[in-house]
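# structure of the sequence below:
(one chain, ligands or ions: 1)
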Amino acid sequence: TAATTTDIQDGQEAAVTSKPAATIAREVARRRTFGIISHPDAGKTTLTEKLLLFSGAIQLAGTVKGRKSGRHATSDWMDIEKQRGISVASSVMQFEFRDHVINLLDTPGHQDFSEDTYRVLTAVDSALMVIDAAKGVEEQTIKLLDVCRMRATPIVTFMNKLDRETRDPLELLDEVESVLKIECAPVTWPIGMGKNFRGVYHLLNDEVMLFKAGEEKADGAYEIIKGIDNPRLSEMFPLEMEQLKMEVELVHGASHPFDLERFLSGVQTPVFFGSAINNFGVREILSALIDWAPAPRERDATVRAVRPDEQPFSGFVFKIQANMDPAHRDRIAFLRVCSGRFEKGMKVKHLRLGREVKLSSVVTFMASSREQVEEAYAGDIIGLPNHGNMQIGDSFSEGEMLTFTGIPYFAPELFRTVRIRNPLKTKQLHKGLQQLGEEGAVQVFKPVMGSDLILGAVGVLQFEVVASRLLNEYGVDAVFEGTNTSSARWVSSDDKKSLADFETQLAHNVAYDAAGNLAYLATSGVNLRLTQERWPKLQFHATREHA
Ligand code: G4P
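The predicted model follows:
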């Protein structure tokens with residue numbers, strides 16, 4: 001009888017523990033976490049809004065747009081704060097579509113472009129690349145795609161604004177392939193453009209979706225005609241159909257067929273054509289994200305890889321945002337859940353500080369309601385209010401010593417020296433910059449020679465935010481001035497002697513960052529190249545991992 005009792009107990013235990021495991025696995029499988037990469041004006045905001053419309057998360061077009069037009073580039077503290085308040089709310093948009101939970105992470109562009117934009121991409125599992133079909137591949141897209149490449153993030157491509165005169169679609173694919181070095185697999189193909197835009201042909205389903213302008217609602221279904229040889233089509237658009245058939249033949253012959261494995265390994269991108277503002281082609285990209293883009297995958301945590309469906313909770317901080325209210329110095333740390341289940345009120349370990357924290361006032365993001373979400377799974381983002389003790393790259397777990405990797409710092413492209421009006425505030429200035437540097441708001445370089453600190457950023461807004469925060473949080477009235485630094489590279493070498501020689505000989509251009517890493521501050525592109533040639537034993541890095 002004793003054996004039977006144990007058996008029953010074992011059975012019960014198994015039942016109790018396996019239920020949450022199955023729930024976690026199911027919740028992970030239905031999650032998709034992605035960000036949009038695009039150049040300003042390509043249509044990110046418009047598309048975001050249409051995606052939310054589809055999911056029923058918002059009822060009215062113009063909701064997201066309205067927020068955006070309320071933004072101003074200004075150094076006024078309150079305005080920046082207001083702006084940031086907006087961006088806290090729109091930083092992560094979670095919504096449901098076809099029984100999937102979609103987390104859309106905002107990648108701030110325009111004046112908001114900053115290192116956060118890059119870091120957000122370390123927290124996604126896939127990305128949607130939006131290209132203005134009239135303009136083709138633009139500068140910011142190139143940069144953001146480089147960041148995606150670091151983790152071989154799968155990319156879905158949307159060619160936008162086909163309701164306008166655009167560039168030749170074949171030429172666009174060619175440009176994506178040659179400039180972005182990613183293979184294109186067209187899934188839909190445009191029929192005409194501008195005034196003669198008739199719709200798109202779905203190459204995999206052999207059907208034509210007819211274009212109808214001005215769809216403001218989510219359920220604006222468009223007419224579908226089966227088969228490219230359907231006589232109805234050539235009756236309706238004799239000219240365009242002839243052109244389409246020629247192009248499709250070319251496309252079948254010259255471009256790559258869609259291959260899920262190649263997409264998942266980041267070497268191929270499925271390409272869709274459409275018009276975000278007309279809500280045309282948007283459903284297809286949402287379906288591609290659900291059907292093809294990956295659910296959360298395992299993540300490297302240095303000691304081992306962490307699977308998303310593991311029971312213990314874990315995650316890492318990829319972004320810090322200061323609170324809206326200057327009276328409170330609270331910040332929100334954005335944490336990407338990597339495994340397990342977050343429950344409101346649970347206790348987790350802040351691993352860098354070895355401290356237990358209770359997650360009671362966590363911010364969650366649901367675009368459809370103001371309700372507090374009480375749980376989260378791998379792929380979800382939660383916001384942890386804190387007083388400045390959480391940093392970018394910090395890992396959290398239920399106790400196991402994990403260190404999630406892959407949160408890079410990027411070589412800044414904009415530089416300023418800092419001067420203060422009141423020299424008695426030097427100590428506060430250093431303290432403030434140290435903390436803002438650790439927080440990732442700006443990069444701080446201390447030259448080996450000289451006493452001026454040099455700030456580095458990838459977006460100008462970063463300097464404005466730092467100036468405002470120095471004043472409001474540290475009482476330091478700082479003046480930022482131009483420098484002759486044009487780019488920075490972190491320097492490393494196994495050859496310690498070369499490294500030491502480098503530091504002494506180029507002391508005027510060598511600096512340490514806030515984390516104590518050696519960097520070279522180049523005065524021009526030529527200067528950087530020459531220096532690299534002269535010091536062949538040193539490695540120059542454009543990124544560095546968060547230590
Ligand atoms: P962004 O977030 O990537 O910067 O782009 P956003 O969505 O704000 O779009 C930039 C401009 O492009 C907007 O026009 C928007 O209406 C327009 N746009 C977006 N998608 C399409 C499209 O499919 N077709 C056409 N023709 N235009 C599109 P704007 O004049 O700058 O702004 P607004 O005053 O119209 O709001």
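# okay, now the unreliable bits of the stretch 401-547 of the chain?
Residue ranges of the stretch 401-547 of the chain with pLDDT under 70: 546-547.
# for the ligand, give me its nearest residue in it.
The nearest approach of the stretch 401-547 of the chain to the ligand comes at Gly459, 14.5 Å away (CB to the nearest ligand atom). Just so you know, the C-beta spots here come from the backbone N, C-alpha and C atoms, and that holds for glycine as well.
# contacts only, for that residue.
For Gly459, the contacting residues are Gln111, Asp112, Phe113, Ser114, Glu115, Thr117, Leu414, by CB atoms under 8 Å, 6 or more residues apart in numbering.
# what about it, distance to Ala134?
25 Å (CB to CB, to the nearest Å).
# for Ser114, same thing?
Plainly put, Ser114 is 27 Å away from Ala134 if you go by CB to CB.
# the more surrounded of those two?
Using other CB atoms under 10 Å, the more surrounded residue of Ser114 and Ala134 is Ser114, with 22 against 17.
# sec struct for the closest residue to that one other than its chain neighbours, please.
In space, and not counting its chain neighbours, Ser114 is closest to Gly459: 4.1 Å by CB to CB, 6 or more residues apart in numbering. Three-state call for Gly459 (DSSP: H, G, I helix; E, B strand; the rest coil): coil.
# now do the one residue in the stretch 101-250 of the chain that gets nearest to the ligand, the pLDDT please.
As assessed by CB to the nearest ligand atom, the ligand sits closest to Lys161 within the stretch 101-250 of the chain, at 4.0 Å. Looking at Lys161, its pLDDT reads 98.
# that one against Ala133, yeah?
Yes - the pair Lys161 and Ala133 qualifies as a contact (CB atoms under 8 Å) at a distance of 5.4 Å.
# who in the stretch 151-300 of the chain is up against the ligand?
Proximity of the stretch 151-300 of the chain to the ligand, by CB under 6 Å from any ligand atom, involves residues Asn160, Lys161, Asp163, Arg164, Ser275, Ala276, Ile277, Asn278.
# all helices for the stretch 151-300 of the chain, in order.
Here the stretch 151-300 of the chain has its helices, by DSSP state H, counting those that start in this stretch, at 169-180, 231-236, 238-254, 260-264, 282-291.
# tell me which helix or strand in this protein has the weakest average pLDDT.
Within the chain, no helix or strand scores below helix 63-69, which has a mean of 48 by mean pLDDT, DSSP states H and E.
# report the separation between Tyr409 and Lys446.
Using CB to CB, one gets 16 Å for the distance from Tyr409 to Lys446.
# between those two, who's got more neighbours?
Under the criterion of other CB under 10 Å, the comparison of Tyr409 against Lys446 puts Tyr409 first, with 25 against 19.
# quick one: residues contacting the more buried one.
Glu115, Gly440, Gln443, Asp513, Thr543, Arg544, Glu545, His546.
# one more time with 6 Å, if that's ok
Contacts for Tyr409 (CB atoms under 6 Å, 6 or more residues apart in numbering) come out as Arg544.
# secondary structure element for it, which one?
strand 408-410 (DSSP states H and E).
# helices or strands up against the helix or strand following that strand?
Next in sequence after strand 408-410, counting helices and strands by DSSP H and E, comes strand 414-420. Strand 414-420 sits against strand 454-457, strand 478-481, with contacts defined as 3 or more CB pairs under 6 Å, 6 or more residues apart in numbering; DSSP states H and E.
# and the next helix or strand past strand 414-420?
Past strand 414-420, further along toward the C-terminus, the next helix or strand under DSSP H and E is helix 426-439.
# enumerate the residues of the chain near the ligand.
So the chain meets the ligand at 38, 40-46, 65, 160-161, 163-164, 275-278 (CB under 6 Å from any ligand atom).
# and the residue lying closest to Ala29 once chain neighbours are set aside, what does it touch?
The spatially closest residue to Ala29, leaving aside those adjacent along the chain, is Ala295, at 5.2 Å (CB to CB, 6+ apart). Counting by CB under 6 Å, 6+ apart, Ala295 touches Val28, Ala29, Arg31.
# weed out the non-buried ones from those.
Among the contacts of Ala295, the ones that count as buried by 16 or more other CB atoms under 10 Å are Val28, Arg31.
# pLDDT and secondary structure for the contacts of Ala295 - can I get that in TSV?
Putting the contacts of Ala295 into TSV (pLDDT from 0 to 100; DSSP: H, G, I helix; E, B strand; the rest coil) gives the following:
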residue	pLDDT	secondary structure
Val28	97	helix
Ala29	97	helix
Arg31	97	strand
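# what about Phe342, which SS state?
Phe342 - assigned by three-state DSSP - is strand.
# show the pLDDT at the residue nearest to it when sequence neighbours are not counted.
Sequence neighbours aside, Ala376 is the residue nearest to Phe342 in space, at 4.1 Å (criterion: CB to CB, 6+ apart). With respect to pLDDT, Ala376 has a value of 93.
# for Ala376, helix, strand, or coil?
Assignment for Ala376 (three-state DSSP): strand.
# how close does it get to the ligand?
Using CB to the nearest ligand atom, to the nearest Å, Ala376 is found at 27 Å from the ligand.
# gap between that residue and Ile24?
11 Å.
# compare these two (neighbour count), which wins?
Neighbours were counted for Ala376 and for Ile24 using other CB under 10 Å; Ala376 has more, 28 against 21.
# the closest residue to Ala213 other than its chain neighbours - how many residues pack around it?
Distance criterion CB to CB, 6+ apart; nearest residue to Ala213, sequence neighbours excluded, is Asn278 at 5.1 Å. Residues lying near Asn278 (other CB under 10 Å) number 22.
# ok, now the one 10 residues further on?
Other residues near Ala288 number 21, with proximity taken as other CB under 10 Å.
# who's in contact with the closest residue to it other than its chain neighbours?
Of all residues not flanking Ala288 in the chain, Val156 sits nearest, at 5.2 Å (CB to CB, 6+ apart). Val156 makes contacts with Leu128, Pro270, Ile285, Ala288, as judged by CB under 6 Å, 6+ apart.
# please apply the same query to Val479.
Arg419.
# re the thing from before, out of the contacts of Val156, the closest to the ligand would be?
Leu128 (11.6 Å).
# buried sites along the helix or strand hosting the closest one?
In this structure, Leu128 sits in strand 126-132 according to DSSP H and E. Residues Ser126, Ala127, Leu128, Met129, Val130, Ile131, Asp132 are the ones in strand 126-132 that count as buried (16+ other CB under 10 Å).
# do stretch 157-164 as well
Thr157, Phe158, Met159, Asn160, Lys161, Leu162, Asp163.
# export those to JSON lines and tack on distance to Arg336?
Formatted as JSON lines, those follow (distance: CB to CB, whole Å):
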{"residue": "Thr157", "distance to Arg336": "24"}
{"residue": "Phe158", "distance to Arg336": "24"}
{"residue": "Met159", "distance to Arg336": "29"}
{"residue": "Asn160", "distance to Arg336": "28"}
{"residue": "Lys161", "distance to Arg336": "32"}
{"residue": "Leu162", "distance to Arg336": "34"}
{"residue": "Asp163", "distance to Arg336": "36"}
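# okay then, goodbye and thanks.
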